[in-house]
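Chemist: okay, structure incoming, though there's no sequence with it:
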């Protein structure tokens, strides 16, 4: 529908400009042409609405309804509009409701059936493989020697979904895992490692740490309580930064141990991501200081080098500093993030040549990134035609409204949460199979349980407005009713069964003479044709819950159609026409679930 929307908008602009020229108001055109046409707020209003007559009433100091009558007359003289629109109708004080011709919608349905992206166009910037724009999505970002927990869940699945949407639109997407693999904490970890395995350091690559999280806790306890250990840990940091061979080997061991744990989680979630930790940008940190000094942005304050931020103040009303280099010469997260941002926007081979960078982290880091982006802009490290976004998200809470934790008060491990969801999905499935007296293989039960369990967790998160906190409930997310992954999967299974039974492949569909007459057919058609608009809106505002809301409404619309319209009855043209809608619904659902990182099922 985006092609139709653009054509319609262009035609309306032509007619608007013509009207303004006749009345010598051409200079007003650029001021009022934005958002000339919008989606209709309700189905009964048509496909689109034009509210420009309310704006024009202020220009002409006249009644908006009278302006609407005159404007519609001009619009009907435009052949393109006549070819697209069935009806232009005045509503309220001067709104123009726009209803498209049925044949235009049918042609769109035919086109979307054949399109591998179900009608979603490639971005105009990505139609040529040689000029594809690169978008970097920075997400997940766990820390070495710390277990992934529910806090990493949101970043990981939101980042993955955003990446998939940009990939669908034809961008070259670089998914980066900015893991915490560098910094002062490695001093205590390496010192503790050397103390425990001093006799094995010659074969350090063979050392196995059974529980890295407990190892971290033990080293942190020593650091907090033993002054001598603390002193040696700080010395170890210096050794690591200088490239001491044994320190580097110990650091690699710790990183590799953590990486195995992370990879297992990513495998379970079916997430593809390229690791590029903080250590990657370590060689560029000195040049950050040098460049900021050269541009006279850096200020020394109490021995530390920092940038005082515009528009960001502390409780006393003084400008907040972004510390770039500490008094002792060490660097902060801000320094690494600035080095990463500059590298990512730099052209190859000295950078990634990104056109847009998207950071997916919790809401608590909003001020940090606002400061980093401000400094980067002042240093001219963000090219004028490029964009940088922070995608913040809220907390995962328990049903009591408090931060989600175990009964003992510990943060819930992500692998335990996923395992529990699969376990509960299996229990529900077995209960349903027993009630239906169905026999299924163990392979079917295990796979279906995993798809439903993992899908339920992902969808429960993605269906929320990411900015807000949300309450985690296995009972709600695994329900077959409501806005849940099982409900969408159940609808998909129902459609797949119809299409499989009737051999409704794209090749089998005869699209020459499809026709529709039932109101529920047209409701489903209009809902299907909004898919591309939803995807394009997410590209702009990075809110994946828009897709979840759309899918829930699509499934509701299809299920009403399924319940009230006889799909397999009537003449052959009617049957083919209705099966066409089933086929496009199935295609749209499968593609959308894939964008959300959820596998499809043929049966459940």
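Modeler: Noted; the coordinates are in hand. Given the structure is predicted, the values throughout are model-derived calculations rather than measurements.
Chemist: shaky segments in the stretch 451-600 of the chain?
Modeler: Per-residue confidence for the stretch 451-600 of the chain (pLDDT under 70) gives these ranges: 503-510.
Chemist: ends of stretch 498-511, how far apart?
Modeler: 18 Å (Cα to Cα, to the nearest Å).
Chemist: which helix or which strand is home to the residue nearest the centre of the chain?
Modeler: Centrality entry for the chain: nearest residue to the mean C-alpha point is residue 162, 2.7 Å, by Cα atoms, centre = their mean. Here residue 162 sits within helix 150-168, counting by DSSP states H and E.
Chemist: can you pull the buried residues of that helix?
Modeler: Of all the residues in helix 150-168, those buried under the rule 16 or more other Cβ atoms under 10 Å are 150-166, 168. All C-beta spots, glycine's among them, are computed from the backbone N, C-alpha and C.
Chemist: and for stretch 244-257?
Modeler: 247, 250-251, 253-255, 257.
Chemist: what's the farthest-apart pair in those residues?
Modeler: Farthest apart among the buried residues of stretch 244-257 by Cβ to Cβ are 247 and 257. That separation is 16.0 Å.
Chemist: ok, residue 135 - contacts?
Modeler: If a contact means Cβ atoms under 8 Å, 6 or more residues apart in numbering, then residue 135 has 166, 171-174, 354-358 as its contacts.
Chemist: try it again at 6 Å.
Modeler: Going by Cβ atoms under 6 Å, 6 or more residues apart in numbering, residue 135 touches 166, 171, 173, 356.
Chemist: re earlier: now do the residue nearest to the centre of the chain against residue 173, distance only.
Modeler: Distance, residue 162 to residue 173, using Cβ to Cβ, to the nearest Å: 9 Å.
Chemist: for residue 5, same thing?
Modeler: 25 Å.
Chemist: just to revisit the earlier point, compute the distance between the residue nearest to the centre of the chain and residue 539, please.
Modeler: Distance from residue 162 to residue 539, by Cβ to Cβ: 9 Å.
Chemist: which strands and helices sit next to the helix holding residue 162?
Modeler: strand 134-138, strand 172-177, strand 356-362, helix 442-462 (3 or more Cβ pairs under 6 Å, 6 or more residues apart in numbering; DSSP states H and E).
Chemist: got the ones you listed as TSV, with distance to residue 290 columns?
Modeler: Shown next, in TSV, are the helices and strands packed on helix 150-168 (distance: least, Cβ to Cβ, whole Å):
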stretch	distance to residue 290
strand 134-138	24
strand 172-177	25
strand 356-362	22
helix 442-462	42
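Chemist: could you single out the most deeply buried of these?
Modeler: strand 134-138 (a mean of 24; mean count of other Cβ atoms under 10 Å).
Chemist: so what does residue 88 have for phi and psi?
Modeler: Note on residue 88: backbone dihedrals following degrees, to the nearest 10 are phi -120, psi 120.
Chemist: quick check, pLDDT for the closest residue in space to it that isn't next to it in sequence.
Modeler: Spatial nearest neighbour of residue 88, chain neighbours left out: residue 72 (5.0 Å); criterion: Cβ to Cβ, 6 or more residues apart in numbering. We have a pLDDT of 89 for residue 72.
Chemist: separation between residue 72 and residue 13?
Modeler: Counting by Cβ to Cβ - residue 72 and residue 13 are separated by 15 Å.
Chemist: more neighbours: those two, which one.
Modeler: residue 72 (18 against 15; other Cβ atoms under 10 Å).
Chemist: which of the helices or strands spans that one?
Modeler: helix 64-76.
Chemist: that helix packs against which elements?
Modeler: Helix 64-76 packs on helix 2-22, helix 52-60, strand 85-91, going by 3+ Cβ pairs under 6 Å, 6+ apart.
Chemist: which one of these lies closest to residue 604?
Modeler: Among the helices and strands packed on helix 64-76, helix 2-22 sits nearest to residue 604 (Cβ to Cβ), with 33.2 Å.
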